[in-house]
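>>> here is my input; please provide its structure:
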Amino acid sequence: MIIRRLTPANRWLEPLLAFLVLAAIAYDIWFIVAIGYVPQPFFYESQDTWMDWFNTALYAHQGGAYEDWRTVYLPLSFDVLKLLTLGQCYESEQFEARACDVMAITSMHVIFLANIVLTFLVFRKIHRSTAVWRTIAMSLGLPMTYALERGNLLLLTYTFLLLAYGPLVKSARVRWLFSGLAINMKIYLVGAIFA
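The predicted structure follows:
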């Protein structure tokens, strides 16, 4: 990987981007406290927060994902969600699960925080002087905060991608394993193995 050398003229760009990301997060937090839901581009319906996680978990526990929901998620996604959610919370509607399944909410946020740490470790190995700024931009920017707000399986997929393609894991076979896990979370990542 080629990292462009930072010159005095462009050394301020990455900290500025990180500051803008942090300012956007501060605004989002203010908006939640003042108005009661997250601003656009996040979804306005507060009952749909973490929708992807809870809806998928509902089918993981009740079945019918391929027959009724007609999903393209691979079976491993449902097995992982069975481990990261409380089954008794999915005996009826998914909106009730949001109030019941503390394990699911905790899992999403622990994965999100772990991804921040892993991203920092990856960037520190690649380019130590910009690791903090790049971690803020990558881990707290809109794609990852949106994935958290949706409860998208991209949260876990990103973890696997960092371990499969980042410099943290040395063993080729372990990297292959993480690449396979990422593909089993999001099938379109099969293209990543060709790169």
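>>> which one's the longest helix in this protein?
helix 102-126 (DSSP state H).
>>> which strands or helices does it pack on?
helix 51-62, helix 131-140, helix 142-150, helix 154-165 (3 or more C-beta pairs under 8 Å, 6 or more residues apart in numbering; DSSP states H and E). All C-beta spots, glycine's among them, are computed from the backbone N, C-alpha and C.
>>> recalculate using a threshold of 10 Å.
Applying 3 or more C-beta pairs under 10 Å, 6 or more residues apart in numbering; DSSP states H and E, one finds that helix 102-126 makes contact with helix 51-62, helix 75-83, helix 94-100, helix 131-140, helix 142-150, helix 154-165.
>>> tabulate those helices (CSV), appending distance to Ala114.
Formatted as CSV, the helices and strands packed on helix 102-126 follow (distance: least, C-beta to C-beta, whole Å):
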stretch, distance to Ala114
helix 51-62, 16
helix 75-83, 15
helix 94-100, 22
helix 131-140, 10
helix 142-150, 12
helix 154-165, 6
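>>> tilt between the longest helix of the chain and helix 142-150?
Relative orientation of helix 102-126 versus helix 142-150 (axes from the mean of the first three to the mean of the last three C-alpha atoms, to 10 degrees): 170 degrees.
>>> what sits against the most centrally placed residue in the chain?
For the chain, Leu155 is the residue whose C-alpha lies nearest the centre (C-alpha atoms, centre = their mean; 2.0 Å). Residues near Leu155 by C-beta atoms under 10 Å, 6 or more residues apart in numbering: 52-53, 107-112, 114-115, 144, 147-148, 185.
>>> what is the burial count for Thr119?
23 (other C-beta atoms under 10 Å).
>>> for it, give me the pLDDT.
Looking at Thr119, its pLDDT is 97.
>>> with Phe31 instead?
89.
>>> excluding sequence neighbours, find me the nearest residue to it.
Once flanking residues are discounted, Phe31 sits nearest to Pro39: 4.6 Å by C-beta to C-beta, 6 or more residues apart in numbering.
>>> right, I'll call it a day here.
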